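Asks: Quick one, structure for this:
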Amino acid sequence: MKSPYVSELEPNRVITSSFLVHSKEIRQKKSGELYLSLMLGDRTGELDAKMWDNVAEVLDTFDRDDFVKIKGLIQVFHNRPQLTVHKVRRMDDSEIDFADYFPSSKRDPEEMWAELRALVAGISNVRLRALLEALFDDPDIAQRFRRAPAAKTIHHAFLGGLIEHVLSLCALARLVAGHYKNVDIDLLLTGVLLHDIGKIYELNYERGFSYSNDGQLLGHITIAIRMVGDKIRTLPDFPPQLRVLVEHMILSHHGHLEFGSPKVPQFPEALLLHYLDDLDSKMECMRALVENDRQLEGCFTGYSSALERTALKMDRYLAGERPPGLSASPSPQAPAPNGAAFDRAPESPIAPAAAPAARPTPAAPPAPAVAPHAPASAPSAPVARPTPIAPAAASSAPPTPHAPVHHPLFAPKPESIFADKLRQALKPAAEQEG
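Replies: Below is the predicted model:
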């Protein structure tokens with residue numbers, strides 16, 4: 001068993017481990033020297049890697065889909081781990097266990113296959129059941145269907161992903177079909193079981209996940225139509241109209257022409273298939289985005305082009321994690337009666353009443369008895385004797401311990417040499433000359 005896996009890597013550590021090369025690009029530094037940009041992976045995720053030095057020595061020793069042993073330093077770049085490669089060598093297949101490098105379904109493939117065959121046996125329409133049995137009794141189809149991913153990268157992109165996706169859709173179809181009385185459950189389940197069957201030949205999944213030549217030239221929809229047609233020719237009494245309905249569900253399951261479907265859904269079962277397929281694929285895409293995201297800090301994942309959004313990491317959010325640079329809680333302050341603590345700024349605490357006498361400041365212009373922007377409803381300090389408030393002209397007298405305390409935001413600021421210079425510069429020319 002390899003160690004460490006991608007999910008176990010920690011920043012600022014030198015590691016030696018083996019990986020599958022998902023991509024390899026030769027790039028050029030500003031100086032003109034070459035460097036390697038790699039995407040490495042194992043069954044737990046992917047890792048961005050760069051090799052900056054001694055590239056010429058290893059450039060032609062390995063390629064994409066090779067297994068490599070790497071020594072390097074894990075660092076953090078743009079809030080994501082990145083491996084700086086120091087040494088790399090290609091590994092022979094005899095040195096590795098393939099199960100360490102390919103993500104796979106958590107469910108047992110044979111258990112899922114038995115569940116699928118039970119669903120096929122439960123189809124009450126004899127013609128549809130015969131078509132499904134003809135397809136899934138084929139040894140090559142049966143072997144590939146157990147192992148194939150449902151996609152190269154977007155959703156259920158792991159070994160056994162296709163059959164897991166199909167079984168999830170079957171469960172959804174049985175729930176929803178019971179709600180709509182005009183839906184033929186046998187036809188809907190047949191569409192679910194066959195809509196992505198062409199992916200077993202569209203994708204390569206023996207080492208990395210990639211498109212086969214047939215996948216590049218035809219796509220899984222066209223391949224599925226051909227597979228269904230080949231089996232129907234062995235069923236001479238299969239109704240032509242029923243064949244068209246099955247083929248239409250395969251052709252239209254992407255739902256939109258711009259998404260690759262030659263036709264849009266035109267009857268209830270086809271429309272339901274499209275929306276259930278879209279729902280299940282997006283929910284799996286959201287799950288994988290959150291679980292596999294490599295952002296080290298923050299409550300959100302990186303941007304997903306498939307979902308056209310970032311996703312919230314619920315566990316971090318509920319735990320109260322804040323973005324980098326923010327403190328987890330405000331600076332502690334002594335409690336003040338009657339909520340007075342909310343009237344003072346932490347960076348400008350109000351000095352005790354006797355403090356002004358201990359530290360005189362330059363004379364300030366006369367101030368009104370009430371601050372111009374103070375709230376009208378703010379309570380004033382208690383007055384020791386019932387004397388009227390002094391007129392504005394008397395406000396230049398030194399404050400008494402019972403004078404109203406104003407919010408520090410509107411209090412006079414300490415003088416500075418810069419304030420003196422600015423005041424001098426703003427005086428009219430006549431005053432400056434005088």
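Asks: what's near enough to touch the spatially most central residue of the chain?
Replies: Central residue of the chain (Cα atoms, centre = their mean): T301, 3.2 Å from the mean position. Going by Cβ atoms under 8 Å, 6 or more residues apart in numbering, T301 touches L289, V290, D293, Q295, T310, A311, L312, K313. Using the backbone N, CA and C atoms, a C-beta is placed for each residue, glycine as well.
Asks: Mind checking which of the residues you listed are buried?
Replies: L289, V290, D293, Q295, T310, A311, K313 (16 or more other Cβ atoms under 10 Å).
Asks: can you tell me the helix or strand for the second one?
Replies: Secondary-structure assignment from DSSP states H and E places V290 in helix 268-292.
Asks: same question, the fourth one
Replies: For Q295, there is no helix or strand it lies in under DSSP H and E.
Asks: dump the residue contacts of it.
Replies: N79, R80, T301, G302.
Asks: among those residues, which are in helices?
Replies: Under the assignment DSSP state H, those contribute nothing to helices.
Asks: Against A99, how distant is the residue nearest to S7 when sequence neighbours are not counted?
Replies: Once flanking residues are discounted, S7 sits nearest to T44: 3.8 Å by Cβ to Cβ, 6 or more residues apart in numbering. From T44 across to A99, the span is 12 Å (Cβ to Cβ, to the nearest Å).
Asks: go on, F62?
Replies: 21 Å.
Asks: Between those two, tell me which one has more neighbours.
Replies: F62 (19 against 11; other Cβ atoms under 10 Å).
Asks: and the helix or strand containing E110, which residues are buried?
Replies: Per DSSP H and E: E110 is located in helix 109-121. Using 16+ other Cβ under 10 Å as the test for burial, helix 109-121 gives P109, M112, W113, L116, L119, V120.
Asks: Can I get these in a markdown table including distance to L135 and pLDDT?
Replies: Output for those, formatted as a markdown table (distance: Cβ to Cβ, whole Å; pLDDT from 0 to 100):
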| residue | distance to L135 | pLDDT |
| --- | --- | --- |
| P109 | 18 | 91 |
| M112 | 16 | 96 |
| W113 | 13 | 96 |
| L116 | 11 | 97 |
| L119 | 13 | 96 |
| V120 | 9 | 97 |
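Asks: Got the domain ranges for this protein?
Replies: When the chain is parsed with automatic domain parsing, its domains come out as 6-100, 109-290.
Asks: now do the same end-to-end measure for the longest one.
Replies: Terminal residues of domain 109-290 are spaced 25 Å apart (Cα to Cα, to the nearest Å).
Asks: wouldn't G191 be in contact with H253 here?
Replies: Yes - applying Cβ atoms under 8 Å, one finds G191 in contact with H253, separated by 7.1 Å.
Asks: what do those two both touch?
Replies: Residues touching both G191 and H253 (Cβ under 8 Å, 6+ apart): A270, L273.
Asks: by contact count, what packs against the helix holding E110?
Replies: If you count contacts as 3 or more Cβ pairs under 8 Å, 6 or more residues apart in numbering; DSSP states H and E, helix 109-121 packs onto helix 126-136, helix 139-147, helix 161-177, helix 185-194.
Asks: pLDDT below threshold where in the protein?
Replies: 321-423, 427-434 (pLDDT under 70).
Asks: List the strands paired with the strand with the most length in it, with their directions.
Replies: Assignment by DSSP state E gives strand 13-28 as the longest strand of the chain. With DSSP bridges as the test, strand 13-28 is paired with strand 34-42 (antiparallel), strand 67-77 (antiparallel).
Asks: Which of these sits closest to H179?
Replies: Among these, the nearest to H179 by Cβ to Cβ is strand 34-42 (41.2 Å).
Asks: Show me what counts as buried in the closest one.
Replies: For strand 34-42, the neighbour count (16+ other Cβ under 10 Å) marks L36, L38, M39, L40, G41, D42 as buried.
Asks: My understanding was that the second one contacts E46; is that so?
Replies: No - between L38 and E46 there is no contact, the gap being 10.2 Å when judged by Cβ under 8 Å.
Asks: Go through the strands paired with strand 13-28 and name the closest to L9.
Replies: Of these, nearest to L9 by Cβ to Cβ is strand 67-77, at 5.2 Å.
Asks: Quick check: buried residues in the closest one?
Replies: F67, V68, K69, I70, G72, I74.
Asks: for stretch 247-263, same thing?
Replies: Using 16+ other Cβ under 10 Å as the test for burial, stretch 247-263 gives E247, H248, M249, I250, L251, S252, H253, H254, G255, S261.
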